[in-house]
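Asker: got a sequence here, can you model it:
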Amino acid sequence: MPKWLQARWMRLHATIPLALSLALSLALLGFSWVVGALALIVVAAATVYVLQAERKSREEMNAYISTITHRVKKAASDVISEMPIGIVLYGEDRQVEWHNGSIAKAMDRESLVGESITALWPALKSLKEKDKEATIELTFNKRSFQARVRPEERLLYFTDVTQYATLAKKYEEERIAFGLLVLDNVDEVTQGMDDQARSLTMATVTTVLNEWAVRHRLYMRRTSSDRYFLLLNQKELATLEQSRFDVLDEVKDATAHLKLPMTISIGVAAGAAGLLELGQIAQTSLDIALGRGGDQVAVKVGDRVSFYGGKSNAVEKRTRVRARVISHALRDLMKESDRIVVMGHKIPDMDAVGAAIGVLKAAETFGKPAFIVLEGVNPSIHRMMEMIYEDEELTSKFVSPEDAYHLITPKTLAVVVDTHKASLVAEPKLLGLTKRLVVIDHHRRGEEFIGEATLVYMEPYASSTCELVTELLQYIHDGLALGVLEATSMLAGIVTDTKSFSVRTGSRTFEAASFLRRNGADSSLIQRLLKDDLPGYLMKADIIRHARIVHKHFAVAVTQPGQRYPQLLIAQVADTLLNMQGIVASFVVCERPDGLIGISARSMGQVNVQLIMERLGGGGHLTNAATQLEGSIKDAEERLLTLLNSYEDREGLLE
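Answerer: Below you'll find the model as predicted:
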């Protein structure tokens with residue numbers, strides 16, 4: 001026990017006897033003043049001694065407390081200076097006022113005082129004084145730190161998490177990824193070959209794939225004649241993404257001597273917790289890659305979906321087996337339904353309306369009531385709609401989204417044509433009223449998709465949805481007969497999407513057009529529907545007047561703010577600009593009548609405009625794509641030019 005504490009303890013015990021002695025001395029004065037006086041002297045001496053002891057104990061106590069305080073302050077100072085957590089105190093001007101030695105050592109600096117925290121750590125630029133505590137990940141001097149920010153006290157705490165970050169990175173890199181690889185066009189490439197030539201071709205492709213797998217340390221297992229299973233980790237996946245899956249070009253180069261080069265598609269899944277989920281996602285990724293036309297890779301890591309390749313047009317299938325199978329499945333679905341509701345995309349074009357009329361005719365063949373959901377009339381097809389409105393029976397089949405709500409039951413079949421995205425359907429809410437869904441589309445598949453569809457018929461090689469519906473009609477019923485108006489509407493959709501059979505036209509396109517002509521389609525009427533009027537021609541000329549050449553080979557036309565043009569006119573201007581010498585891709589940015597900013601993109605095949613438009617929220621084909629944006633013309637132009645500036649294949653264009 002300390003001496004000052006012992007002295008205080010003794011004083012506490014001496015106080016009571018002194019008080020009793022004083023009382024006794026006063027009592028003795030009444031008997032004998034001599035004895036009482038002596039007693040008082042003794043009590044006074046004892047009191048003086050106790051007071052001196054008390055004063056000394058106080059001095060010792062103060063000295064002890066001072067020593068303890070000094071030791072505590074020194075220990076606290078040493079702890080703050082030497083502790084592994086960095087501490088920074090900054091002022092209102094965000095300049096460092098004080099810091100401990102740990103952060104100085106981590107920064108490899110003697111002093112940070114007077115320097116700006118945003119200059120030292122740029123990630124703190126988003127920091128606001130009114131914000132509460134926040135945690136920011138920082139990396140400097142090849143080490144990882146977790147910065148805990150306390151804006152109210154203007155304090156920063158830095159914790160070295162390098163070891164944890166290294167372990168987490170290693171864990172992520174070693175996580176398993178699944179891949180599925182398929183040869184897109186084996187039948188088309190090897191058709192007409194003898195067994196020896198077919199074997200040599202397949203051996204060449206297999207050699208390329210095996211060398212690629214060994215080079216990137218992948219486990220590849222053949223599961224069928226045209227399918228492979230891939231097993232890899234996420235580190236190797238990152239390497240493959242950096243190389244942009246050059247195996248796509250290697251396979252095409254190895255078979256370039258053939259009339260039709262071989263192409264492959266790959267679906268990869270990573271980031272999922274379970275193997276079953278990985279397998280399902282890998283199959284979905286492969287479906288997306290094939291749905292976009294093949295010759296590409298779809299990689300899904302968590303919520304991120306990336307696409308690589310897609311530089312070639314989809315190969316036209318030479319067999320109609322799939323069309324026949326789909327038509328029979330669609331026939332059975334129609335027979336089992338109480339009614340059929342057909343929907344195209346918002347602001348429908350001739351292809352969407354023509355395809356919807358074709359599905360409507362198929363439903364009526366089986367005696368099922370059918371309706372087409374139409375939300376407003378696109379000004380670009382007003383002539384076509386005027387022609388349709390002359391037929392009272394066909395006009396009665398067009399209903400508004402509000403009327404469609406009362407028509408759909410759980411047994412109703414909903415057929416979506418010319419789009420596969422729920423957000424682009426004329427009325428997305430209608431899709432939730434029935435589980436019997438059919439999707440018929442010719443666009444390359446995007447990340448958004450009507451996943452709960454019962455039947456999906458998507459063929460990116462097709463010129464239009466009208467072409468696909470026409471093929472289905474040839475197999476769906478032997479007694480089906482189209483009227484002149486119906487056949488003309490469908491042929492108009494094909495003519496519009498192929499630019500009068502000049503782009504994306506295959507042998508099956510002409511066969512579909514021939515079938516429609518045999519059923520009475522009037523080509524002269526279609527030409528009248530597509531004729532330009534003088535005001536429209538002058539509007540196109542005005543848009544072209546604002547065109548300029550970007551990066552030598554991109555034509556970009558941007559209209560003045562406040563000037564609105566229909567979507568069809570925008571697309572026609574993009575087609576016109578593409579015909580200019582030296583232009584490989586054209587882009588037209590205009591404000592539409594609905595207030596949105598429309599961008600139409602066209603290319604000759606050297607540039608995948610679909611990928612560019614997808615980054616702006618749109619989609620389409622390799623050579624034909626578009627998107628709609630909210631905001632101003634200037635913002636849309638800046639976003640487009642940013643993408644064109646960063647387009648990876650720009651340097652490989654024509655010189």
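Asker: every contact and neighbour count from this point should use C-alpha atoms.
Answerer: Will do.
Asker: burial measure for the residue nearest to residue 189 when sequence neighbours are not counted, as a count.
Answerer: Using C-alpha to C-alpha, 6 or more residues apart in numbering and skipping residues adjacent in sequence, the residue nearest residue 189 is residue 260, 5.7 Å away. Applying other C-alpha atoms under 10 Å, we find 15 residues neighbouring residue 260.
Asker: from memory residue 260 sits against residue 187, does it?
Answerer: No: in this structure residue 260 lies outside contact range of residue 187 using C-alpha atoms under 8 Å: 10.8 Å.
Asker: which parts of the stretch 101-250 of the chain are helices?
Answerer: 101-107, 117-120, 162-173, 186-190, 195-215, 234-242, 247-254 (DSSP state H, counting those that start in this stretch).
Asker: can you list the residues that contact the third one?
Answerer: Okay, so that is helix 162-173. 143-145, 233-236 (C-alpha atoms under 8 Å, 6 or more residues apart in numbering).
Asker: could you do the fifth one as well?
Answerer: Residues from elsewhere that reach helix 195-215 (C-alpha under 8 Å, 6+ apart): 190, 219-220, 247, 250-251, 254-255.
Asker: go again using 6 Å as the cut-off
Answerer: With C-alpha atoms under 6 Å, 6 or more residues apart in numbering as the test, helix 195-215 has contacts from residue 190.
Asker: in it, what counts as buried?
Answerer: Buried residues in helix 195-215, defined by neighbour count with 16 or more other C-alpha atoms under 10 Å: 198, 201-202, 205, 209, 212-213.
Asker: of the helices of the stretch 101-250 of the chain, which approaches residue 476 most closely?
Answerer: Residue 476 lies closest to helix 186-190 among those, at 25.4 Å (C-alpha to C-alpha).
Asker: just the CA coordinates for the closest one, please, in CSV.
Answerer: Extracted C-alpha coordinates of helix 186-190, given in CSV (Å, rounded to 0.1, in the frame of the first residue of the first chain):
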residue,chain,number,x,y,z
VAL,A,186,-21.1,-28.1,-88.3
ASP,A,187,-23.9,-29.3,-90.6
GLU,A,188,-23.7,-26.3,-92.8
VAL,A,189,-19.9,-26.4,-93.2
THR,A,190,-19.7,-30.2,-93.7
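Asker: list the contacts of residue 154.
Answerer: Contacts of residue 154 (C-alpha under 6 Å, 6+ apart): 89-90.
Asker: and with 8 Å instead?
Answerer: If you count contacts by C-alpha under 8 Å, 6+ apart, then residue 154 has 89-92 around it.
Asker: check residue 327 too.
Answerer: 472-473, 475-476.
Asker: mind putting the helices of the stretch 101-250 of the chain into TSV with distance to residue 602 and mean pLDDT?
Answerer: Below are the helices of the stretch 101-250 of the chain laid out as TSV (distance: least, C-alpha to C-alpha, whole Å; pLDDT from 0 to 100):
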stretch	distance to residue 602	mean pLDDT
helix 101-107	52	80
helix 117-120	44	82
helix 162-173	39	85
helix 186-190	27	81
helix 195-215	33	91
helix 234-242	27	91
helix 247-254	23	90
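Asker: closest to residue 388 out of the ones you listed?
Answerer: Nearest to residue 388 among these is helix 186-190 (40.0 Å), distances taken as C-alpha to C-alpha.
Asker: just list whatever residues bridge to the spatially most central residue of the chain.
Answerer: Centrality entry for the chain: nearest residue to the mean C-alpha point is residue 304, 5.5 Å, by C-alpha atoms, centre = their mean. Bridge pairing for residue 304 (DSSP bridges) gives the partners residue 301.
Asker: tell me how far it lies from residue 368.
Answerer: Residue 304 is 43 Å from residue 368, where distance means C-alpha to C-alpha, to the nearest Å.
Asker: ok, now residue 142?
Answerer: Applying C-alpha to C-alpha, the value for residue 142 to residue 368 is 70 Å.
Asker: ok, residue 210 next?
Answerer: 54 Å.
Asker: neighbours around residue 281, how many?
Answerer: Neighbour count of residue 281, defined by other C-alpha under 10 Å: 23.
Asker: what packs against the helix or strand encompassing it?
Answerer: Secondary structure assigned from DSSP states H and E places residue 281 in helix 275-291. The contact analysis (3 or more C-alpha pairs under 8 Å, 6 or more residues apart in numbering; DSSP states H and E) places helix 275-291 against strand 176-183, strand 264-270, strand 296-301.
Asker: right, and those strands - which one's nearest residue 115?
Answerer: In terms of C-alpha to C-alpha, the element of the helices and strands packed on helix 275-291 nearest to residue 115 is strand 296-301, at 40.4 Å.
Asker: which strands and helices sit next to the closest one?
Answerer: Right, strand 296-301 is packed against strand 264-270, helix 275-291, strand 304-309 by 3+ C-alpha pairs under 8 Å, 6+ apart.
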